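S.K.: Predicted structure and sequence below. I'll ask about it afterward.
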There are 2 protein chains.
Amino acid sequence: MSQKNKMKRTAVTPRRDEDYPKWYQSVIKAADLAENSPSRGCMVIKPWGYGIWESIQRDLDRRIKETGHENAYFPLFIPLSFLEKEAEHVEGFAKECAVVTHHRLEERDGRLIPTGKLDEPLIVRPTSETIIGDAFSKWVQSYRDLPLLINQWANVVRWEMRPRLFLRTAEFLWQEGHTVHATEKEAIEEVFQALYFYRDHIQDVLAVPTILGEKTPGERFPGAVSTYCLESMMQDRKALQAGTSHYLGKKFAKASNIRFLNSDGELEYAYTTSWGVSTRLIGALIMTHGDDDGLRVPPRAAPKQVVILPIIPRRGSKEEIFEYADEIASNLRKLTYYRDPLVVHVDKRDIRGGEKNWQWIKKGIPVRIEVGPRDMEKNSVALYRRDQGHKEKIFLERTALSGRIGSILDEIQQNYFDQAKKLLDENIRTDIDNFDDFKAYFTPKNPKKPEIHGGFVRAKWCGDEAATDSLLADLKVTIRSLPLDQKEIVGGKCVITGRKATQEALFAKAY
Amino acid sequence: MSQKNKMKRTAVTPRRDEDYPKWYQSVIKAADLAENSPSRGCMVIKPWGYGIWESIQRDLDRRIKETGHENAYFPLFIPLSFLEKEAEHVEGFAKECAVVTHHRLEERDGRLIPTGKLDEPLIVRPTSETIIGDAFSKWVQSYRDLPLLINQWANVVRWEMRPRLFLRTAEFLWQEGHTVHATEKEAIEEVFQALYFYRDHIQDVLAVPTILGEKTPGERFPGAVSTYCLESMMQDRKALQAGTSHYLGKKFAKASNIRFLNSDGELEYAYTTSWGVSTRLIGALIMTHGDDDGLRVPPRAAPKQVVILPIIPRRGSKEEIFEYADEIASNLRKLTYYRDPLVVHVDKRDIRGGEKNWQWIKKGIPVRIEVGPRDMEKNSVALYRRDQGHKEKIFLERTALSGRIGSILDEIQQNYFDQAKKLLDENIRTDIDNFDDFKAYFTPKNPKKPEIHGGFVRAKWCGDEAATDSLLADLKVTIRSLPLDQKEIVGGKCVITGRKATQEALFAKAY
């Protein structure tokens, strides 16, 4: 252990710079967000983790509804024959499907075994294009029924051989938008509308900056005509895909027979889209904002913005202090913070004050307020911000608290975003124009010790995906996207193959 | 067809008095609530139906959180060995389990077949006591960790051979509360707390009166020590169980090894509870409030409270009318109705006015507001209430609308409840004291024609469940519950067996 390690103790070990993947697991445990379950690859999302998902749902659901979509719910099970309707689609998901084959259990020789074999196996939905498409084929008759704008909040299952909490789990929670349109133009507008409200949500609530782009053909959603995505940079400078929006053309409409009578009375296939984000966003939040003392939750994504910690020095004053704390809490609860009531918790648990304080630091609650007998006497409070040193107090008159809390929370939210944006800006290279420099950038200096290295490279590219993939395989770097804000390419060579460049691409190692 | 049938045309056929079960299916279709899916026994919940579920979730989630519970999420899949941990529990669910046996699909001879056989089959959760119990056994160490108060919103699967939309479907949506306590007293208080907030929710939001009681031993949740329930009366006078709350004693704690160090430092098993309501509540709402013209949704349960229908007599004035309608809508949207913003929809679809109007009547939106050129001139609106005749207009000054709408909605809400309460009060018999009268009450007069008959009987009972069940089998009547507000039994005989009565029971035919 180095001198430096000895000097600074952190609440989470290992530190990010020591072993980033292990740090990620430790933060999840320290913040009590989730845990592995005995159902292989499935996770248990604990209250603090689920609370973040509820914040995501609340904000995103509003954006989805404000743009004219309605929620509905479709079956968990998809008949095998449905999945087969779109050839690329089934190929993309066949290797990771949970298959239901029986519908009861019977005891034989003292053991329960599956019986009641189904005529046709059912697939636990990995995504719902085919089962929703079947419903849409009945709902859509005429151009008057279009656009059809539907969203579903649901669980989906994609079997994972190497699960990682929030990032890759066999079961995860998500929303999936599915829409039908009369024209290609409208469908493509819809695809971008979703992409933009994802960007706004991820930026404004999760405080995570993203880069918008189109996926290369090899990375498209199975069966899509084009896939657009949002890429974000984690603190180890690897990329995480935060959401996707797919233009499906007429391909799924043909597979599911979604046709409509147009205004000329002709029957034609419709254009469809789909788009989704998942509990993976919580992984992005952790890896963007966590520090060596645990999680830091942006206030707008936090299940609770403020915790009040009563300090009880001797038994006698407990009730009085609790009352003081409750009064402060109930005043704060009258406030609105970012379109919802401010959530304030008074932690009256009978555990040591230091332990309690550190639990909340590790959970990353934005603001901690300590109230003890001396604060009560002075009619004040001591406020601690998670974006500042854990001992940096702000003394406030109790009466001033309600007026200040909103701007304090806004500052924390902005600070987290600014820090994440700075990391992204400092670690995105736009000046690399040859493969040697490219390789050097993505190669760790000490191959024996894991270290944080590399970042994003935005560079000219020839468009040959197969050649690029094979040259990049050893580096474990991939094309993340073709950024939407393409600069015009005048001359220049592909950073990978050295051939004539036709477009700009974003390269990174990725989750 | 009788003279009467010819005279009154209804939007839904058959009428309730003609064929209640078919009427139920017709209302669901007419109100566009849900439909059967190609995944056998699973339903598609369409936007208007799902919107009602969202209203239920919003209100109930608030009640669950206000009583100190937190939401979390547990795996969809339960290892077979977990289900086996509680003997009665597995016996209760074995016959209706969807079983996952494989985790991938492979092509063989041009057909996709399940491969990747699992070592241990996984059960799609029919309920989550065992998988949640496993997590709780790790979360609970000391009395300081108690009570543990958790709720989950999720989908569950119980294979149904004869599915009926909302009432019995293979997959349904629900919430399931799961709690752990240090003492029996606290656990039982929790069981009743849940029962009471269910009663309040179902009464105040769904406008459905319920009777609270305890289930007889044979009707308990598989593995429970005691099960409490809420029974409601549908318009065909049959009972529907609207929710249940279970006291599990130490049985599931022993099965899952949930133990805690008590304040004396001794390790002991904890007491657990579980409680749930599901999308079945939507079935209760339909069968309580629907009429022969479709659904009637109580305002507090409605996805939208008000629809504005612009009347366009000639092409020229369309934009002006739309603007007038939008202005009215945006003023109304500033109002709060029952703790949330009032939801107002302006229906600008290009379809015939009469058809549009009837679609909303069939959906049961509480208030329709028509605005046409003459209303615009007079700065007024014409308002229609779903609890009154479809042509009964209320003319209101536009400026008076915001002041009146809240009380109009409250009146509708109250009317629906009063009507349901009247039906219950008029069809619950407390004076039947012998089996002959009992049989006559539950026997239709014309055995060839289905008719609405019977109701609830509240009567003295001997407590012999086996004898009662066998005497009641032909009648298809069951004991719904032992009502909580038991009257003291002084003498008297059991209405079924004629033996000495020990308690009061509630009898009915049931869904």
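M.R.: Ah, there it is.

S.K.: Is any residue of stretch A:214-224 near chain B?
M.R.: No. Counting by Cβ under 8 Å from any Cβ of the partner chain, chain B has no neighbours in stretch A:214-224; the shortest distance is 13.3 Å. The C-beta positions use only the backbone N, C-alpha and C, and glycine is treated the same way.

S.K.: got it, and stretch A:113-124?
M.R.: Yes. Stretch A:113-124 comes into contact with chain B (Cβ under 8 Å from any Cβ), by way of A:114, A:116, A:121-124.

S.K.: Provide a list of residues in contact with the closest residue to chain B within the stretch 201-350 of chain A.
M.R.: Closest approach between the stretch 201-350 of chain A and chain B, counting by Cβ to the nearest Cβ: residue A:350, at 6.5 Å. Applying Cβ atoms under 8 Å, 6 or more residues apart in numbering or on different chains to residue A:350 gives the contacts residue B:144.

S.K.: do you know how far it is from residue A:40?
M.R.: 38 Å (Cβ to Cβ, to the nearest Å).

S.K.: so the residue of the stretch 201-350 of chain A closest to chain B is in which element?
M.R.: Residue A:350 belongs to no helix or strand when assigned by DSSP states H and E.

S.K.: what do you get for the one 4 residues further on?
M.R.: For residue A:354, the element it lies in under DSSP H and E is helix A:353-363.

S.K.: Any buried residues in that helix, and which?
M.R.: Buried residues in helix A:353-363, counted by 16 or more other Cβ atoms under 10 Å in any protein chain shown: A:356-363.

S.K.: How about stretch A:160-180?
M.R.: A:160, A:163-180.

S.K.: Spatially nearest residue to residue A:246, not counting backbone neighbours?
M.R.: Computed as Cβ to Cβ, 6 or more residues apart in numbering or on different chains, the closest residue to residue A:246 that is not its neighbour in sequence is residue A:224, at 4.2 Å.

S.K.: That neighbour: what's it in contact with?
M.R.: Residue A:224 neighbours (Cβ under 8 Å, 6+ apart): A:246-248, A:251.

S.K.: So which of these are in helices?
M.R.: Residues of the contacts of residue A:224 located in helices (DSSP state H): residue A:251.

S.K.: okay if I get the contacts of residue A:224 as JSON lines plus pLDDT and neighbour count?
M.R.: Putting the contacts of residue A:224 into JSON lines (pLDDT from 0 to 100; neighbours: other Cβ atoms under 10 Å in any protein chain shown) gives the following:
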{"residue": "A:246", "pLDDT": "98", "neighbour count": "28"}
{"residue": "A:247", "pLDDT": "98", "neighbour count": "24"}
{"residue": "A:248", "pLDDT": "98", "neighbour count": "28"}
{"residue": "A:251", "pLDDT": "96", "neighbour count": "20"}
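
S.K.: okay, the residue nearest to residue A:246: pLDDT?
M.R.: Predicted confidence (pLDDT) for residue A:224: 96.

S.K.: Going C-terminal from the lengthiest helix in chain A, what's the next secondary structure element?
M.R.: Secondary structure of chain A per DSSP H: the longest helix is helix A:398-426. Downstream of helix A:398-426, the next assigned helix or strand under DSSP H and E is strand A:428-429.

S.K.: what helices or strands is that next one leaning on?
M.R.: When contacts are defined as 3 or more Cβ pairs under 8 Å, 6 or more residues apart in numbering or on different chains; DSSP states H and E, strand A:428-429 sits against strand A:456-461.

S.K.: can you put the residues of stretch A:113-124 next to chain B in a markdown table and add distance to residue A:331, pLDDT and secondary structure?
M.R.: Shown next, in a markdown table, are the residues of stretch A:113-124 next to chain B (distance: Cβ to Cβ, whole Å; pLDDT from 0 to 100; DSSP: H, G, I helix; E, B strand; the rest coil):
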| residue | distance to residue A:331 | pLDDT | secondary structure |
| --- | --- | --- | --- |
| A:114 | 58 | 96 | strand |
| A:116 | 59 | 96 | strand |
| A:121 | 58 | 96 | strand |
| A:122 | 53 | 97 | strand |
| A:123 | 52 | 97 | strand |
| A:124 | 48 | 98 | strand |
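
S.K.: Next, the distance between the ends of stretch A:235-255.
M.R.: End-to-end distance of stretch A:235-255 (Cα to Cα, to the nearest Å): 42 Å.

S.K.: Quick check: what element follows the helix-or-strand element of chain A with minimal mean pLDDT along the chain?
M.R.: Ranked by mean pLDDT, DSSP states H and E, the weakest helix or strand in chain A is helix A:3-7, scoring a mean of 50. Downstream of helix A:3-7, the first helix or strand assigned by DSSP H and E is helix A:20-30.

S.K.: Within the helices and strands, which one has residue A:471?
M.R.: Assigned by DSSP H and E, residue A:471 falls in helix A:465-472.
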